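A.B. asks: Whatever this is, show me its structure:
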Amino acid sequence: MCKYRTTLQVSAACLMLFCSLQTYGQGRPPAPVIVAEVVAREVQEQISIVGIARPRRTSRIATETDGLVAQKLKDGGQVVKRGERIFRLTNDQLEADLDEARADLSLQSFNYEQSRKLVRTEAVAEQDLRNAGYQLARAKAKLRDLESRHRALSISPPFSGHIVQTLTEVGEWVSRGDEVAQVISTDTIRVYVNAHEKYVDGVELGDAAEVFIDALGIQPFAGTVVAILAEGYSDSHAFPVIVEVNNPEGRIRSNMSARVRLNTGSEGSSLLVHKDAVIHAPDGQVVFVVLEGKAVRRLVQTGLAHQGFVAVKGNLKVGDLAIVRGNERLRDGQAVKVVRKLQ
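C.D. replies: Numbers count the residues shown, from 1 in each chain. Predicted structure coming up:
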């Protein structure tokens, strides 16, 4: 029985050794990989800062005259055009004063013309003509003031936009200077961010910026730096930067969260690899390159991201084929076969 078991064990060992020798002789098939060339490009240093979107124009509309709210023609949430009425006021006393001023102007005009005729015949003194001219000028000024106040009984916004809220209702009396509505224009949006002092010196007026609104998808909006404030915050050592974005369709709304990507200077020419070529290993960040049909492991230090590439420092050179697909389980020196090269 023991002799039978020993024979079986020897036979199994021989079979395993034979299979191993066969596998060793044939070798593993090369692993299929996709590669992209290592390139050298000018890299622009960038920072990304979270901020808030605000309308470029906002107005709390105040009345220019006293009056009773007779009509409310627009409400909060509605669109309003420049010159379009939001409220109509009435003021009976103003109407009466306006009638009186028109009558007074007619009288003073007649008196002045009479004085002009009489001064030629020396029937009245020159001083009387001057007094008549003064009274006429006063009557004209008073009428202009009352007509202006009468026009102000119709309340409209100084620009087209959206009514955020109305602050009075029909039947209420409003006095000159009272706020009656808040209007914003979102055709142009300004995003306010705070750039740290170590970056702000690299930001310049007129610089292009990318604005990302996560609520609206992944495509950035084109923006321009329109202001960099000279005074920052002592606690955070950051300075306010304002980026303006055209928003003709009104997709960006006031107080939406925004993320701004700003250029803060140039690092010069750098080696870049495709972002998927970099993998994380226990001993650091690694890029596999194809050399003579084998995957060769290179430790690298990564820098700035740039249009789908990553700046790296390490034992790489321009033209090296960095593996971007199939690199997750590769071993140093493993045979590989390039099935596609990304352009």
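
A.B. asks: Could you give the bridge partners of the closest residue to Pro158 other than its chain neighbours?
C.D. replies: Spatial nearest neighbour of Pro158, chain neighbours left out: Ser59 (5.9 Å); criterion: CB to CB, 6 or more residues apart in numbering. Backbone N, C-alpha and C define where each C-beta goes, glycine included. Per DSSP bridges, the residues bridged to Ser59 are Val183.

A.B. asks: do you know how far Ser59 is from Asp187?
C.D. replies: 14 Å (CB to CB, to the nearest Å).

A.B. asks: Please apply the same query to Phe159.
C.D. replies: From Phe159 to Asp187 the distance is 9 Å (CB to CB).

A.B. asks: just to revisit the earlier point, now do the same contact list for the residue nearest to Pro158.
C.D. replies: Pro157, Pro158, Phe159, Gln182, Val183, Ile184 (CB atoms under 8 Å, 6 or more residues apart in numbering).

A.B. asks: which of those residues tops the neighbour count?
C.D. replies: Val183 (26 neighbours; other CB atoms under 10 Å).

A.B. asks: Could you measure from that one over to Glu328?
C.D. replies: 56 Å.

A.B. asks: I'd say Ile49 and Ala258 touch.
C.D. replies: No. Taking CB atoms under 8 Å as the definition, Ile49 is not a contact partner of Ala258, at 9.3 Å.

A.B. asks: between those two, who's got more neighbours?
C.D. replies: Per other CB under 10 Å, whichever of Ile49 and Ala258 has more neighbours is Ala258, with 26 against 20.

A.B. asks: what are the phi and psi angles of the more buried one?
C.D. replies: phi -130, psi 150 (degrees, to the nearest 10).

A.B. asks: for it, which residues make a bridge with it?
C.D. replies: Beta-bridge partners, per DSSP bridges, of Ala258: Gly51.

A.B. asks: Could you check the pLDDT of it?
C.D. replies: Listed pLDDT for Ala258 reads 96.

A.B. asks: Strands along the stretch 51-200 of the chain, start to end?
C.D. replies: Using DSSP state E, counting those that start in this stretch, the strands of the stretch 51-200 of the chain run over 67-72, 79-80, 87-90, 154-155, 161-166, 173-174, 179-196.

A.B. asks: Show me what the second one is packed up against.
C.D. replies: When you say that, I think you mean strand 79-80. Judged by 3 or more CB pairs under 8 Å, 6 or more residues apart in numbering; DSSP states H and E, strand 79-80 is in contact with strand 161-166.

A.B. asks: what pairs with the strand it packs on, and is each one parallel or antiparallel?
C.D. replies: strand 79-80 (antiparallel), strand 179-196 (antiparallel).

A.B. asks: from the chain's centre, how far out does that strand sit?
C.D. replies: Mean-position distance between strand 161-166 and its chain equals 21 Å (CA atoms, centre = their mean, to the nearest Å).

A.B. asks: could you list every residue that touches Arg259?
C.D. replies: Taking CB under 8 Å, 6+ apart as the test, what Arg259 contacts is Ser48, Ile49, Val50, Gly51, Val211, Phe212, Ile213, Asp214.
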